[in-house]
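A.B. asks: take this sequence and fold it.
(chains A, B and C)
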Amino acid sequence: MKKNDLETQFAALKTKVETLTKESAENKLSMIVFSGDMDKVLAALIIASGAVAMGMDVVMFFTFWGTPILRDKAKKVGGKDLMGTMFGAMLPKGACNLKLSKMNMGGMGTAMMKSLMKKKNVASVEEMLAVAGELGVQIYVCEMSMDLMGFKREEMIAYPNMEFCGVAKFLEEAKSSKIQLFI
Amino acid sequence: MKKNDLETQFAALKTKVETLTKESAENKLSMIVFSGDMDKVLAALIIASGAVAMGMDVVMFFTFWGTPILRDKAKKVGGKDLMGTMFGAMLPKGACNLKLSKMNMGGMGTAMMKSLMKKKNVASVEEMLAVAGELGVQIYVCEMSMDLMGFKREEMIAYPNMEFCGVAKFLEEAKSSKIQLFI
Amino acid sequence: MKKNDLETQFAALKTKVETLTKESAENKLSMIVFSGDMDKVLAALIIASGAVAMGMDVVMFFTFWGTPILRDKAKKVGGKDLMGTMFGAMLPKGACNLKLSKMNMGGMGTAMMKSLMKKKNVASVEEMLAVAGELGVQIYVCEMSMDLMGFKREEMIAYPNMEFCGVAKFLEEAKSSKIQLFI
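C.D. replies: Got it, this is the predicted structure:
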């Protein structure tokens, strides 16, 4: 092979490697939090903080039943229409009012689990959310869900890295992530 | 280093890069739609059309409770055994008969959500399915679920890119996808 | 380009390719089995055995409601506190006591599905678990869930590749997997 040929081929290979590098997944975990159940949200947050502890970036996209979890129970907003008021009243207001996906038993199962978690030193959803904020976990809130359920930005918790966006934003993050989960 | 050595090493590296390229994930999203709940199926379809809009290929594998969604309510098939007839009657016939996973409240919550979606210009599951077909979203239907629930191919909707297959087909797609979700 | 320059550049590219190779996903599937529903666990196990048949490594991380599935109904352990005894009694003891996530109808739907599965030659969760063990599927059991629900290692089934660990272990596997699912 002539030296020039080798150089040309080398340049071509270099371009290929650069494409591969650009396309390769980042050390990142992306989750869709669709569920609003206490147990599932807790699992999502435990996974998130575990991933951060391993040096990964973490992105959580809260949509549908996951959205009301991010409401601040102390904040009140007016000017809602009938549907918005109804959804606002029926959905859990914030992270401390969630129920178990199973064995809720009129609240008894959930209360039991909560007392058990306290006894076993497992942090609550509310505490885990605060930890996630400190750890730099990025939260995206689905704009369509906000609109559908009549939630306003002013009633959401003060979280350090929170953005309101559409599904495209999440997909962009997920595409470049090593792990993706729908919870 | 001798020129020949360099050439040999170059060839070896080239092979490695080719393997990496072949093994690297495609710009594709693969989803298992296990759930038959209106909200979850809607989320799956919104994610699907969002991904297509970003230039991704999308594959949806409908299994278990996801299967009856693809039935055409206008089509009638005979020759079912008792179990098939019972499943056929109990499961939602098509995309417009789904219920919310939460707050269904005897149908009231679902009706409320549907009217809200109309008001907010959010497309229904039925409409989103039609859009998915136009966008080229590939649908696979789990053959085992079809068999288990006694569904026949003749009672499924006319969808442009629908295939009946097993889990292996899905795994092959998922393996080469950048994003995989179980919904 | 001088020969020395080419050699230097070649070495740099080689390092890059080595990094890419090290970082590229393995032919592996990682699943979180959070759910304890018969249908979902069955789906997880069918996916697992399908993946093994395709030559993939499979890792399942059983957490929360997925944990009691791995209990051996024949084993009895004492020395539990009140909460542990209550959880032990309320949660399904082993793989043959699971319920459908939908249409359980007081057990009737589940019984119907089980008889249908037998008729259609679909293996039960219990049988699929045994198959998974023979196929070399790795099972991790979430230590936090074990602790929370008061389960002891002595009451779990004898499974060839079972380990008790935390979420970090799962994330490490998931990070290097081509497919990840939360079920």
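A.B. asks: report all helices and strands that the host helix or strand of residue A:9 contacts.
C.D. replies: Assessed by DSSP states H and E, residue A:9 sits inside helix A:3-23. Counting contacts by 3 or more Cβ pairs under 8 Å, 6 or more residues apart in numbering or on different chains; DSSP states H and E, the secondary-structure elements packed against helix A:3-23 are helix B:3-23, helix C:3-23. Yep, even glycine has a C-beta here, placed from its N, CA and C like the rest.
A.B. asks: what mean pLDDT does the last one have?
C.D. replies: Helix C:3-23 shows a mean pLDDT of 90.
A.B. asks: now do that helix: distance to the chain's middle.
C.D. replies: From the chain centre to the centre of helix C:3-23 is a distance of 38 Å (Cα atoms, centre = their mean, to the nearest Å).
A.B. asks: quick one, phi/psi of residue A:163?
C.D. replies: Summarising the backbone geometry of residue A:163 under the convention degrees, to the nearest 10, its torsions are phi -130, psi 150.
A.B. asks: what's near enough to touch the closest residue to it other than its chain neighbours?
C.D. replies: Using Cβ to Cβ, 6 or more residues apart in numbering or on different chains and skipping residues adjacent in sequence, the residue nearest residue A:163 is residue A:140, 5.4 Å away. Residues in contact with residue A:140 (Cβ atoms under 8 Å, 6 or more residues apart in numbering or on different chains) are A:59, A:60, A:61, A:62, A:162, A:163, A:164, A:165, A:169, A:170, A:173.
A.B. asks: of those, which is the nearest to residue B:30?
C.D. replies: Looking at the contacts of residue A:140 and their distance to residue B:30, the nearest is residue A:170, at 16.0 Å (Cβ to Cβ).
A.B. asks: helix or strand: which one has the closest one?
C.D. replies: Residue A:170 belongs to helix A:167-175 when assigned by DSSP H and E.
A.B. asks: also residue A:134?
C.D. replies: According to DSSP H and E, residue A:134 maps onto helix A:125-135.
A.B. asks: so is that helix next to chain C?
C.D. replies: No - judged by Cβ under 8 Å from any Cβ of the partner chain, helix A:125-135 stays clear of chain C, getting no closer than 12.4 Å.
A.B. asks: could you give the angle of the following helix or strand past that helix to helix A:167-175?
C.D. replies: Towards the C-terminus, the helix or strand next in line after helix A:125-135, according to DSSP H and E, is strand A:138-142. Following axes from the mean of the first three to the mean of the last three Cα atoms, to 10 degrees, one obtains 140 degrees for the angle between strand A:138-142 and helix A:167-175.
A.B. asks: run me through the strand neighbours of strand A:138-142, direction for each.
C.D. replies: The strands that strand A:138-142 pairs with in its sheet are strand A:57-62 (parallel), strand A:162-165 (parallel) (by DSSP bridges).
A.B. asks: list the contacts of the following helix or strand past that strand.
C.D. replies: Later in the chain than strand A:138-142, the nearest helix or strand by DSSP H and E is helix A:143-149. Applying Cβ under 8 Å, 6+ apart, the external contacts of helix A:143-149 come out as A:62-64, A:66-68, A:84, A:87-88, A:91, A:151-153, A:164-167, B:46, B:113, B:116-117, B:120, B:122.
A.B. asks: can you pull the contacts of the residue at minimal distance from the centre of chain A?
C.D. replies: Central residue check for chain A by Cα atoms, centre = their mean: the C-alpha nearest the mean position is that of residue A:60, 2.1 Å away. With contacts defined as Cβ under 8 Å, 6+ apart, residue A:60 is in contact with A:30, A:31, A:33, A:44, A:48, A:132, A:137, A:138, A:139, A:140.
A.B. asks: pick the one among those closest to residue B:52.
C.D. replies: residue A:30 (18.5 Å).
A.B. asks: that closest one: what's it in contact with?
C.D. replies: With contacts taken as Cβ under 8 Å, 6+ apart, residue A:30 has the following neighbours: A:58, A:59, A:60, A:61, A:170, A:173, A:174, A:177, A:179, A:180, A:181.
A.B. asks: what about stretch A:58-70, average pLDDT?
C.D. replies: For stretch A:58-70, the mean pLDDT works out to 97.
A.B. asks: tell me the span between the first and last residue of that stretch.
C.D. replies: Stretch A:58-70 has an end-to-end distance of 17 Å (Cα to Cα, to the nearest Å).
A.B. asks: next, residue A:100: phi, psi?
C.D. replies: With angles defined as degrees, to the nearest 10, residue A:100 shows backbone torsions of phi -70, psi 150.
A.B. asks: show me what contacts it?
C.D. replies: By Cβ under 8 Å, 6+ apart, the contact set of residue A:100 is A:37, A:38, A:39, A:109, A:110, A:113.
A.B. asks: ok, now with 10 Å
C.D. replies: By Cβ atoms under 10 Å, 6 or more residues apart in numbering or on different chains, the residues touching residue A:100 are A:37-40, A:42, A:107-114, C:64-65.
A.B. asks: now swap in residue A:161 and tell me
C.D. replies: By Cβ under 10 Å, 6+ apart, residue A:161 lies in contact with A:59, A:60, A:132, A:133, A:135, A:136, A:137, A:138, A:139, A:140.
A.B. asks: what's the farthest-apart pair in these?
C.D. replies: Set against one another by Cβ to Cβ, the contacts of residue A:161 have their most distant pair in A:135 and A:140, with a gap of 16.0 Å.
A.B. asks: okay, now the unreliable bits of chain A?
C.D. replies: Using pLDDT under 70 as the threshold, the predicted model of chain A has low-confidence ranges A:1.
A.B. asks: longest strand anywhere in it?
C.D. replies: Under DSSP state E, the strand in chain A containing the largest number of residues is strand A:26-33.
A.B. asks: about what we covered before: can you list the helices and strands packed on helix A:3-23 in a markdown table and add mean neighbour count and distance to residue B:79?
C.D. replies: Conversion of these to a markdown table gives the following (neighbours: other Cβ atoms under 10 Å in any protein chain shown; distance: least, Cβ to Cβ, whole Å):
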| stretch | mean neighbour count | distance to residue B:79 |
| --- | --- | --- |
| helix B:3-23 | 14 | 46 |
| helix C:3-23 | 14 | 54 |
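A.B. asks: pick the one among the contacts of residue A:100 closest to chain B.
C.D. replies: Distance to chain B across the contacts of residue A:100 (Cβ to the nearest Cβ) is lowest for residue A:37, with 8.6 Å.
A.B. asks: and the nearest residue to residue A:25 once chain neighbours are set aside, what helix or strand is that in?
C.D. replies: Nearest-residue entry for residue A:25: residue A:178, 4.5 Å, with adjacent residues in sequence omitted and distances by Cβ to Cβ, 6+ apart. Assigning secondary structure by DSSP H and E places residue A:178 in strand A:177-182.
A.B. asks: so that strand versus strand A:57-62, what angle?
C.D. replies: Using the same axes, to 10 degrees, one finds that strand A:177-182 and strand A:57-62 are set 20 degrees apart in direction.
A.B. asks: send me strand A:177-182 as PDB with only the CA atoms.
C.D. replies: The C-alpha atoms that make up strand A:177-182 are tabulated as PDB, following Å, rounded to 0.1, in the frame of the first residue of the first chain:
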ATOM      1  CA  SER A 177     -28.600   7.800  27.500                       C
ATOM      2  CA  LYS A 178     -27.200   4.400  28.500                       C
ATOM      3  CA  ILE A 179     -30.400   3.600  30.400                       C
ATOM      4  CA  GLN A 180     -34.000   4.500  29.800                       C
ATOM      5  CA  LEU A 181     -37.000   3.500  31.900                       C
ATOM      6  CA  PHE A 182     -40.700   4.000  31.800                       C
END
